[in-house]
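Undergrad: Provided below for reference: sequence and predicted model.
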Amino acid sequence: MASPVLLVIAHGSRDPRHAATVHALTARVRSLRPGLRVETGFLEFNAPSVPRVLERLAAEGTDEVVALPLLLTRAFHAKSDIPSVLREARARLPRLRIRQAEVLGPSPLLNTALEQRLTEAGITPADKASTGLVLASAGSTDPEAIAVIAEIARELRHTGWCAVRPAFASAVTSGGIPRTADAVRALRADGVRRVAVAPYVIAPGRLPDRIAAGAEEAGADVLADVLGPSDALARLLLNRYDEASLPAEGAMTA
């Protein structure tokens, strides 16, 4: 029996770097597990759309699909948009079994990808004790998503950084989490001499650009790249796929 097709669901963006990064990530997933069919669908702005991909798979005779949200937290898109799109597809395509996988975060593999980007930006293990870290995510008004970002920041504080603060790219703050620039300034006010900003986002776009602008505005010393198509992130996608497609046998590792 053929393995379920992995359908990676990305939000989409008018910024062409977004789709390019998503496709690079799915290519990395394919390289880690040859033989697994991996498709990409977008909620908006980019083609192909999620419904179009599912219709094509059904027309080809595909039996089962694991739909994996390319999201770091369970916010609006994971709780509303994607389930709605998949419900409509199930109604139109009753012979196609569609399982929705869990979102990517939180996961130690995301922390690994984050640390890799910081290393590439010039941070060494010896730097951590004298460096404050701003964990900058896209932002959300969802209490669950806000709590997850705050908890990840607390966990990172125990990995050697002298201080860690969460931040949002959005101009309107939620749940007491400040904008990127304000988080950098708060660390400076606490006496932290060196500040690094780590975007907790997958692909480039409008909100990651806001993170970068906030880091520059407040004079951060180091700005890491977005998570992008790293091996750690690709392995995480495969772990979520396995958890959704083989629940009775336990999750496989990439």
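TA: Received it, and whenever you're ready, just let me know what you need. Numbers count the residues shown, from 1 in each chain.

Undergrad: Leu25: what's it in contact with?
TA: When contacts are counted by C-beta atoms under 8 Å, 6 or more residues apart in numbering, Leu25 is found next to 8, 70, 202-203, 228-229, 233-234, 237. Any C-beta I mention is one placed from the backbone N, CA and C, and that applies to glycine too.

Undergrad: Revised request: answer the last question for Leu109.
TA: Leu109 sits next to 232-233, 235-236, 239 when contact means C-beta under 8 Å, 6+ apart.

Undergrad: One more: Glu88?
TA: By C-beta under 8 Å, 6+ apart, the contact list for Glu88 reads Pro51.

Undergrad: From Ser49, how far off is it?
TA: Between Glu88 and Ser49 the distance is 12 Å, computed by C-beta to C-beta, to the nearest Å.

Undergrad: ok, now His158?
TA: With C-beta to C-beta as the criterion, His158 and Ser49 are 42 Å apart.

Undergrad: Looking at the two, which one has more neighbours?
TA: When neighbours are counted by other C-beta atoms under 10 Å, Ser49 comes out ahead of the other of His158 and Ser49, with 16 against 8.

Undergrad: Surely the more buried one is in contact with Gly41?
TA: Yes: checked against C-beta atoms under 8 Å, the pair Ser49 and Gly41 is within contact range at 6.2 Å.

Undergrad: Tell me where the stretch 151-254 of the chain has strands.
TA: Counting by DSSP state E, counting those that start in this stretch, one finds strands in the stretch 151-254 of the chain at the ranges 163-168, 194-199, 222-223.

Undergrad: Please name the strands paired to the second one in the sheet, noting orientation.
TA: Put plainly, it is strand 194-199. Strands that pair with strand 194-199, judged by DSSP bridges, come out as strand 131-137 (parallel), strand 222-223 (parallel).

Undergrad: quick one: contacts of the shortest one?
TA: Taking contacts as C-beta under 8 Å, 6+ apart, the residues outside strand 222-223 that touch it are 118, 121-123, 131, 194-197, 199, 212, 215-216.
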